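J.: Compute the structure for the input listed below.
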Amino acid sequence: MSQIWLHKGTVFTGVALLPDTTVVIEDGKIRDVLSEYRVKQKGIPKDAIVYEAEGAFISPGFIDTHIHGIHGFDTSDGTVEAVLEMSKALVKYGVTGFCPTMYPQADEVFDRCIRNVVEAIPIAEGAKIYGLNLEGPFISRDKTGVLNPQYMKAVDVNLMKHYCEISEGNIAIMTVAPELKNMHDLALFCTQQGIVLSAGHSNATYENMLEGIQAGILHSTHFFNAMRRLHHRDPGVVGAIMIHPNVSAEIIGDGHHLHPSIIKLLMRVKPIHKIVLVTDALKPTEQQDGVMIANNEEVYVKDGVFHRASDGTIAGSSLTMIRGVQTLVEMGVPVDDAMRMASCNPATVISKHIETGYLLPGRKADLVVFSKDYQVRLTIVDGIVKFQS
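T.: Sure, this is the predicted structure:
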């Protein structure tokens, strides 16, 4: 197979930002990363497929670890087709891997959706599926957000074992409320299964959070949203996330779910590699026409955010990963940090960083090329071009 040369772009390797740099891809992996001086020395092979980057950014592919739906398709639709259509759509926005995310639903629907994702994993044609993200059901009815409290459950380790069995080991992340009774036992079990536990939809006190952190709850779901706030006598969930450097934090970088100054504050107190950009995008995201439905309710878009048609409550994000990177940069986040939050950081959270998330020799060739005005020009998954504008 011929080599692919992405020539003379501004390359973020996951380690450094390198101008006038070329990425060489061979057999689905990164073969080399070359300065322009080295390119002129070596020469480009005559049979190479060359894409002129012309100064565009070349980044590790974006990994969206928290996304419900896009283009009118949703993880919770109950079909394999919906998950596969999400995979195909996401490469248009620079995403090379994602975790289809489910909210609590009726037992039979929840189980069916888990099985559908498992079936979709080996046949996804666009972005790779890195396992499920279960946003519940072991979460707090005090912090429901727009999730239906009817389907939230008391902690049940046997039920968790059932989810693990029908998922065939493909649960990557699970949102839990650390304050719930028997959470310690659940956390120990999930940690043994390699499931990343994420504090969210939680009214936990600071002490609850410390117990959860000790049991292995080391990630957090859409920081500041649907969680107990910071208080001077009880730092709560928000305070625990900010105080403890080993806890990573999701941010929805749409400029609405978090004020830009909150993101800047988080970057001051949290190691940069512990901040993960997610979209939390819902089914109607980038949907072109028709009635927009999310969480089984009609919604409308205002200022880039979905609102419930019934009462105007914020229902979730219409963000894409490329827009998230752009929005962060417009807030004042350095572009390499924005790319880091969208690529290598989520790869690390779900323990895929050994194979992807970095443009380093030997890693899988999962990457995105986008222009200085944040238009995706090329998305490559496992060395294969999946989208070209």
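
J.: immediately after the helix or strand bottoming out on mean pLDDT in the chain, which helix or strand?
T.: When the helices and strands of the chain are compared on mean pLDDT, DSSP states H and E, strand 314-317 comes out lowest with a mean of 83. Moving toward the C-terminus from strand 314-317, the next helix or strand (DSSP states H and E) is helix 321-331.

J.: before we move on, back to that, what packs against the least confident helix or strand of the chain?
T.: The elements that strand 314-317 packs onto, with contact taken as 3 or more CB pairs under 8 Å, 6 or more residues apart in numbering; DSSP states H and E, are strand 297-302, strand 305-308. Placement of C-beta: from N, CA and C, glycine included.

J.: Now render those strands as a markdown table, adding mean pLDDT, distance to Gly324 and mean neighbour count.
T.: Conversion of the helices and strands packed on strand 314-317 to a markdown table gives the following (pLDDT from 0 to 100; distance: least, CB to CB, whole Å; neighbours: other CB atoms under 10 Å):
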| stretch | mean pLDDT | distance to Gly324 | mean neighbour count |
| --- | --- | --- | --- |
| strand 297-302 | 87 | 16 | 16 |
| strand 305-308 | 88 | 13 | 20 |
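
J.: what are the ranges of the helices in the chain?
T.: Per DSSP state H, the chain has helices spanning 36-42, 80-90, 107-120, 157-167, 183-192, 206-215, 236-243, 260-269, 321-331, 335-342, 344-349. These are given in chain order.

J.: Any chance of TSV for those, columns mean pLDDT, mean neighbour count and distance to Ile25?
T.: Converted to TSV, the helices of the chain look like this (pLDDT from 0 to 100; neighbours: other CB atoms under 10 Å; distance: least, CB to CB, whole Å):
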stretch	mean pLDDT	mean neighbour count	distance to Ile25
helix 36-42	95	12	14
helix 80-90	98	22	20
helix 107-120	97	18	26
helix 157-167	98	15	32
helix 183-192	97	18	36
helix 206-215	98	19	40
helix 236-243	98	23	37
helix 260-269	96	14	32
helix 321-331	98	22	21
helix 335-342	98	24	18
helix 344-349	98	25	18
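
J.: Turn those into a markdown table, including distance to Pro60.
T.: Formatted as a markdown table, the helices of the chain follow (distance: least, CB to CB, whole Å):
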| stretch | distance to Pro60 |
| --- | --- |
| helix 36-42 | 21 |
| helix 80-90 | 15 |
| helix 107-120 | 23 |
| helix 157-167 | 26 |
| helix 183-192 | 27 |
| helix 206-215 | 28 |
| helix 236-243 | 25 |
| helix 260-269 | 20 |
| helix 321-331 | 12 |
| helix 335-342 | 7 |
| helix 344-349 | 6 |
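
J.: Looking at those, spot the one closest to Asp382.
T.: Taking CB to CB as the measure, the helices of the chain were each checked against Asp382, and helix 80-90 came out nearest at 12.9 Å.

J.: Off-centre distance for that closest one?
T.: Relative to the chain's own centre, helix 80-90 is displaced by 15 Å; criterion: CA atoms, centre = their mean, to the nearest Å.

J.: angle of that helix against helix 321-331?
T.: Relative orientation of helix 80-90 versus helix 321-331 (axes from the mean of the first three to the mean of the last three CA atoms, to 10 degrees): 40 degrees.

J.: show me what contacts Asp185?
T.: Going by CB atoms under 8 Å, 6 or more residues apart in numbering, Asp185 touches Val155, Val157.

J.: How about the one 4 residues further on?
T.: By CB under 8 Å, 6+ apart, the residues touching Phe189 are Val157, Met160, Lys161.

J.: Make CSV from those and add distance to Asp373 to it.
T.: Written out in CSV, the entries for those read as follows (distance: CB to CB, whole Å):
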residue, distance to Asp373
Val157, 50
Met160, 45
Lys161, 49
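
J.: re the thing from before, would you turn the helices and strands packed on strand 314-317 into CSV with distance to Leu360?
T.: Converted to CSV, the helices and strands packed on strand 314-317 look like this (distance: least, CB to CB, whole Å):
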stretch, distance to Leu360
strand 297-302, 39
strand 305-308, 36
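
J.: Looking at those strands, spot the one closest to Phe224.
T.: Phe224 sits nearest to strand 305-308 of all these, at 14.8 Å, using CB to CB.

J.: okay, that closest one in CSV with CA atoms only?
T.: These are the backbone C-alpha positions of strand 305-308, laid out as CSV (Å, rounded to 0.1, in the frame of the first residue of the first chain):
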residue,chain,number,x,y,z
VAL,A,305,-28.3,25.0,22.7
PHE,A,306,-31.4,22.7,22.7
HIS,A,307,-34.3,23.7,24.8
ARG,A,308,-37.4,21.7,25.7
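
J.: what packs against it?
T.: On a contact count with 3+ CB pairs under 8 Å, 6+ apart, strand 305-308 meets strand 297-302, strand 314-317.

J.: Neighbouring strands - and their directions - for it?
T.: Sheet pairing here is set by DSSP bridges, and for strand 305-308 it gives strand 297-302 (antiparallel), strand 314-317 (antiparallel).

J.: Would you pull up how far that strand lies from the middle of the chain?
T.: Chain-centre distance of strand 305-308: 20 Å, with CA atoms, centre = their mean.

J.: how about Asp382, what does it touch?
T.: Applying CB under 8 Å, 6+ apart to Asp382 gives the contacts Gly28, Lys128, Lys364, Ala365, Asp366.

J.: was I right about the first one contacting Gly362?
T.: Meaning Gly28. No. In terms of CB atoms under 8 Å, Gly28 does not count as a neighbour of Gly362; the distance is 11.1 Å.

J.: Have a look at those two and say which one is more surrounded.
T.: When neighbours are counted by other CB atoms under 10 Å, Gly28 and Gly362 differ, and Gly28 comes out ahead with 14 against 10.

J.: what number of residues lie near the residue nearest to Gly131 when sequence neighbours are not counted?
T.: Closest residue in space to Gly131, ignoring its immediate chain neighbours: Ala172 at 3.1 Å, by CB to CB, 6 or more residues apart in numbering. Ala172 has 23 neighbours, counted by other CB under 10 Å.
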